[in-house]
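Q: got a predicted structure here, sequence first:
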Amino acid sequence: FDLSLLSLSQLLQVPFEGFDVEIIEVDSPSEALLYSSISPILSYAFQNRNEIKVGEKNIENAQLNTELSKSGYMPTVTFGYGFNSTANFSNLTNSNSFFQQINENKGHSFNLRASIPIFSGFQNKTNVAKSKIQEDNRILELQQAKLNLESNIQRAFTDAQAAFKAFEAAKKSLVSQELAFNNSQERFNIGVMNSFDLEQTRLRLVNAQSSLINAKYDFVFKTKVLDFYQGKPLTN
């Protein structure tokens, strides 16, 4: 038990000193916890999972970069305005002040320039091609993210179904072992069975009880994994 607590605290990256867990009683689960179809889980995950949203935004950014790279083919027009003035400190008098000289010697300049790209050494074409490659890569990354997500959900769905079957089998096994132990107890009481054989039957009963507990929590956990992919809170 202590080793399990230590492993859990290390997994959560919290101090082990004083670390403990709350014991939660889980009712016997039923088949109602299972999802009848994987489609709604996939649909929700594709619309809300962060890795899908990130992939879609990366595609949008790549498409924007492609459009920006195409601007190298477009002509550009630049317009500029300049202002200048001079003043001579040696000519300053009461009637010829500093600011008056600035006003009398001020000048304005305007400039207009048009640039039409005719040949850029294939630089514009190369930039656009690189942007398109990045755009295609982002599309492939999103497709791979969807495939990975679908694979994980499909595996979790199959695991949950298998866990429920294991839980049902464990319940039947426990009933069988209880019946076997009761029969052995009666045989022991009438002297037909020795104590060693009775103890072996009891151990099989204990193992069946333990297997049922493990199967129960395994099934509940795996249904919670599906709840996680569908955005449901992970509560008991």
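A: Here it is on my side, so go on. Residues are numbered from 1 along each chain as shown.
Q: burial count for the closest residue to residue 8 other than its chain neighbours?
A: Nearest non-adjacent residue to residue 8, counting by CB to CB, 6 or more residues apart in numbering: residue 21, 7.0 Å away. No exception for glycine: its C-beta is placed from N, CA and C like everyone else's. By other CB atoms under 10 Å, 10 other residues sit near residue 21.
Q: ditto for the one 4 residues further on
A: Counted with other CB under 10 Å, residues neighbouring residue 25 total 5.
Q: surely residue 52 and residue 147 touch.
A: No: Residue 52 lies out of contact with residue 147 (CB atoms under 8 Å); the separation is 11.3 Å.
Q: the more surrounded of these two?
A: residue 52 (16 against 10).
Q: does the more buried one lie in a helix or a strand, and which?
A: Take DSSP states H and E as the rule and residue 52 turns out to sit in helix 50-70.
Q: ok, how many other residues are close to residue 143?
A: Residue 143 has 11 neighbouring residues, counting by other CB under 10 Å.
Q: contact partners for residue 72?
A: 117, 120, 123, 124, 127, 128 (CB atoms under 8 Å, 6 or more residues apart in numbering).
Q: that one and residue 61, how far apart?
A: Using CB to CB, to the nearest Å, residue 72 is found at 19 Å from residue 61.
Q: helices along the protein, start to end?
A: Listed in chain order, the helices of the chain (DSSP state H) span 2-12, 39-48, 50-70, 98-104, 123-189, 195-229.
Q: residues of the helix or strand bottoming out on mean pLDDT in the chain that come out buried?
A: For the chain, counting by mean pLDDT, DSSP states H and E, helix 98-104 ranks last in confidence among helices and strands (a mean of 73). Residues of helix 98-104 classed as buried by neighbour count (16 or more other CB atoms under 10 Å): residue 101.
Q: do the same with stretch 161-174
A: Of the residues in stretch 161-174, 163, 164, 166, 167, 170, 171, 173, 174 count as buried by neighbour count, 16+ other CB under 10 Å.
Q: do the same with stretch 127-134
A: Buried residues in stretch 127-134, counted by 16+ other CB under 10 Å: 127, 128, 131, 134.
Q: what's the burial count for the nearest residue to the last one once chain neighbours are set aside?
A: Think residue 134. The shortest distance from residue 134 to any non-neighbouring residue, by CB to CB, 6+ apart, is to residue 62 (5.0 Å). Neighbours of residue 62 under the rule other CB under 10 Å: 19.
Q: now the one 4 residues further on
A: Per other CB under 10 Å, the neighbour tally for residue 66 reads 18.
Q: and if you look at residue 82?
A: 9.
Q: from residue 150, how far off is the residue lying closest to residue 56 once chain neighbours are set aside?
A: Nearest residue to residue 56, sequence neighbours excluded (CB to CB, 6+ apart): residue 142, at 6.4 Å. Distance of residue 142 to residue 150, given as CB to CB: 13 Å.
Q: so who does residue 215 touch?
A: Contacts of residue 215 by CB under 8 Å, 6+ apart are 163, 166, 167, 169, 170.
Q: and the first one, how far from residue 220?
A: I take that to be residue 163. As judged by CB to CB, residue 163 and residue 220 stand 9 Å apart.
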